[in-house]
Structure formats: structure tokens, C-alpha cells
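> just coords:
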């Protein structure tokens, strides 16, 4: 994207100076290899750290300076991205020029307090805060079971194995082993070993960002993002039963497409035609024409080298739904789609990219992904525009069905 300023010191910075927004958004990202042994501690850690610091050792004390800085917002969380577990801390602060004072530097000082001076003593976080946040984390993990679409996708990923099988929050059993001391050990590892990236969107310049974040320069070392290799295991199928009305059918396709290549951009066109948009084959045929599904869609995950299909169905329609999904892929592989449909898919992908400028969070998400993709936004749009029928056919033929999971209702 034009206007993005990237530079490297000890840390890596991506800055998008713009006067479009009334706020400045800053994101500090810590990335480490995804591991079942550390995921539960790392997933809980940001929720502990955002509540208090050594300087402001209670939730109430910490919120006071945030409120005084025109209700600055601080968010923290964790997720898995490809082969990495990522902890993020995000600030949203009012534009300095709107209030006539240097709010940004003061807010970043608070963020630095969170990152460098946590509320810990004698090698452990505060037990009361840890216990409170662990209860909330337990509820988050349990909520996956109640959201049957998320539950089915998690079960499908467990079937695929490897990093995909590791839940981003960890398991309840892993959470039970998290202690104030183990959390502090996870914090020390994060500070000393994680790759650290900083993203800023707002009315700022490079010098301002360098000066404000200079105290964090002692953190981390820059290393390439970990990328999964192509993998295709033996075909797997699993059916489970619960007392639900709508069954969940989830499929995983493996494909050998390097996320750093033009082919990964073109795969977004393939996905759009297959199930990514309302005019796609899955939506028009599985849902509309055959009335087999309450919803039917697909999603391409370049970092996982997978394409996932989701459908909400009546249990009695499972076999026929799988058959129609297979027929739609076969049609795509045979080039059976209209030129107008291909162009419509491209236009929707263009629209998504044009909307990036409307949201600081979307801009930062795109800048983060640009660490993998060696293309500018204009170059990505040119790749999409130049994607031909032959490109789509060749890439669709790369898709190999690897796993099918169905969560069936009790009547089945």
C-alpha cells in the first residue's frame, strides 16, 4: 500500500501516516513458535498483563491514567497464526492534533509500563488476578463447545494434526496447570525470545514513532515468520453426535501453494468462485439450488496451505451434500464458470482491498500479512486482475480432500 513506511532497528516497524482518522492505533505483536506445552500460559498472559502493572498495581489504579488520556483504549489478546502463537497489545488514542497535547507519547509510556514492568513479585504474577482471569479463560474455552460451528472446525483441525490441532487458547486440562509462576516464566520467554513487530496507523511520522517506542528496542530479535510446509496425510473421516438440530459438515482440502507466491493471491480468486462469496458455486448450488444447507461457504488459509468448507445441514442430507460439494469442485477444475462470474469475484476482492483504508485495524492486519507476501497492495490487485481461467483451473486441481468432519444431530 502506498504510504506505508517500514524500517528496522532491533525491532521491525510498519507505519502508515494518515490524517484520515481521529485516533492513532498502535499494535505491538510478540510471536513465538506454536507449542502445546506453552500455549495455555501464553494465551492467558495478555489478559493478566493488561489489568495492572507494578506502577499501577490494581485494575482501578491502571484505568485512571487511561481515562485521563481521553479514554485511551488498551486491548490485549492471543491467537495462532500459521505455525506461530501471537500475543498482541493494541492502543487506540485520540489524535494529538485534536486535543493540542502529546497524548500518544504518554499512552505509549503506559503500554511500555505494561510490557516492561508487569505486576509481579518474586518471579510470579499476583495470584488473585491470575485466579480471576483463569476463571474467565475457562469460560472462553468452554464457549467453543457451545458454538457448534467453531467446535466442528476445531475438531476438524484436530484431525489434521500438527500446529492446526493446537487450540489457540489451549485446553481446559492445560489451563489447570497454569500458575502465577508459570505465567511469569512465559512472560520472561516472551520478552527475551519472541519476534516483536510494531504497527502504527495515524497522524504520525517516522521520527515520532522511533522516539516513542525507543524504550522497547531492547526487546526481541527479528527473525522470519515460520511458515508451514506442504503436507498431505491419509484421508480422514470422523462423525460425532450431539443433541443439536442443525448438523455441521466441515471439510479440509490440502494444496501445495507457497503463501509467498502469486499463486497464493490467485487462490483468493479460486476460493471466491468456489465458496467465498454469495455468487459462488457452493452458495448457489448447495444452498440455493439444491436447498441442502442453511449455509455453505469456503475459506482459504494461505499460511496453513488449506482450504476449508463449512455447511450447516440436516443430518439426513450429509451424503448428498458431500456429493454436490465434490461436483462443484470438479466443475471448477473443468473451467465451468462464466467470464462474468470470474470478473465479479475479482471486483469483490478489489472492494475488500479498497476498504482497508477505512479501518485502522484492517490496515494493521494487512500490514502484518505483508510480512509474508512480497507484494504491495497495487501489485496484489494486478495479480488478481490478471488471473485467468487457466490459473483458476490449475489451482483448483491442486486441491485434495484431506479430512471430513460431521457433527450430527441426535436424530441422525
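Ah, there it is. Remember, predicted model here, so these are calculated numbers, not experimental data.

> Report the central residue of this protein.
residue 81 (5.8 Å; CA atoms, centre = their mean).

> I'd guessed that one sits against residue 303; true?
Yes - at 6.4 Å, residue 81 counts as touching residue 303 under the criterion of CB atoms under 8 Å. Bear in mind the C-beta positions are built from the backbone N, C-alpha and C, glycine included.

> can you pull out the strands in this structure?
5-8, 12-17, 23-33, 73-81, 84-94, 120-121, 124-125, 195-202, 236-241, 247-254, 293-301, 306-313, 400-408 (DSSP state E).

> can you pull the buried residues of the top helix by length along the chain?
Taking DSSP state H as the criterion, the chain has its longest helix at helix 127-146. Residues of helix 127-146 classed as buried by neighbour count (16 or more other CB atoms under 10 Å): 129, 130, 133, 134, 137, 141, 144.

> re earlier: could you check how far the residue nearest to the centre of the chain is from residue 26?
19 Å (CB to CB, to the nearest Å).

> cool, residue 384 as well?
Residue 384 is 30 Å from residue 26, by CB to CB.

> Which residues are in contact with the nearest residue to residue 391 once chain neighbours are set aside?
Once flanking residues are discounted, residue 391 sits nearest to residue 266: 5.1 Å by CB to CB, 6 or more residues apart in numbering. Residue 266 makes contact with 383, 384, 387, 391, 392, 395, according to CB atoms under 8 Å, 6 or more residues apart in numbering.

> Which single one of those residues is nearest to residue 307?
Of all the contacts of residue 266, residue 307 sits closest to residue 395, with 9.9 Å by CB to CB.

> Please tell me I have it right and the closest one contacts residue 261.
No - if you go by CB under 8 Å, residue 395 and residue 261 don't touch, sitting 11.0 Å apart.

> More neighbours: which of these two?
Neighbour count, other CB atoms under 10 Å: between residue 395 and residue 261, residue 395 has more, with 22 against 15.

> Isn't residue 209 up against residue 199?
No - counting by CB under 8 Å, residue 209 stays clear of residue 199, with 10.0 Å between them.

> list the contacts for residue 401?
Contacts of residue 401 (CB under 8 Å, 6+ apart): 235, 251, 252, 253, 326.

> Drop anything exposed from these.
251, 252, 253.

> Please compute how far stretch 172-185 lies from its chain's middle.
24 Å (CA atoms, centre = their mean, to the nearest Å).

> how close does the closest residue to residue 7 other than its chain neighbours sit to residue 92?
Using CB to CB, 6+ apart and skipping the chain neighbours, the partner closest in space to residue 7 is residue 13 (5.2 Å). Separation of residue 13 from residue 92 (CB to CB): 18 Å.

> now, which of the buried residues of helix 127-146 sits nearest residue 310?
Distances from residue 310 to the buried residues of helix 127-146, taken by CB to CB, are shortest for residue 144, at 15.1 Å.

> That closest one touches residue 151, doesn't it?
Yes - using CB under 8 Å, residue 144 is in contact with residue 151, at 5.6 Å.

> picking that back up, which neighbours do residue 209 and residue 199 have in common?
Contacts common to residue 209 and residue 199, judged by CB under 8 Å, 6+ apart, are 13, 15.

> With adjacent residues omitted, what lies nearest to residue 5?
residue 15 (4.5 Å).

> burial count for that neighbour?
Quick note: residue 15 (other CB under 10 Å) scores 23 neighbours.

> Pull the contacting residues for the nearest residue to residue 344 once chain neighbours are set aside.
Distances taken as CB to CB, 6+ apart place residue 279 nearest to residue 344, at 5.7 Å, with adjacent residues excluded. Listed by CB under 8 Å, 6+ apart, the contact set of residue 279 reads 341, 344, 345.

> what about the second one, distance to residue 300?
Applying CB to CB, one obtains 17 Å for the distance of residue 344 from residue 300.

> returning to that earlier point: does the residue nearest to the centre of the chain have beta-bridge partners, and which?
Residues in a beta bridge with residue 81, per DSSP bridges, are residue 84.
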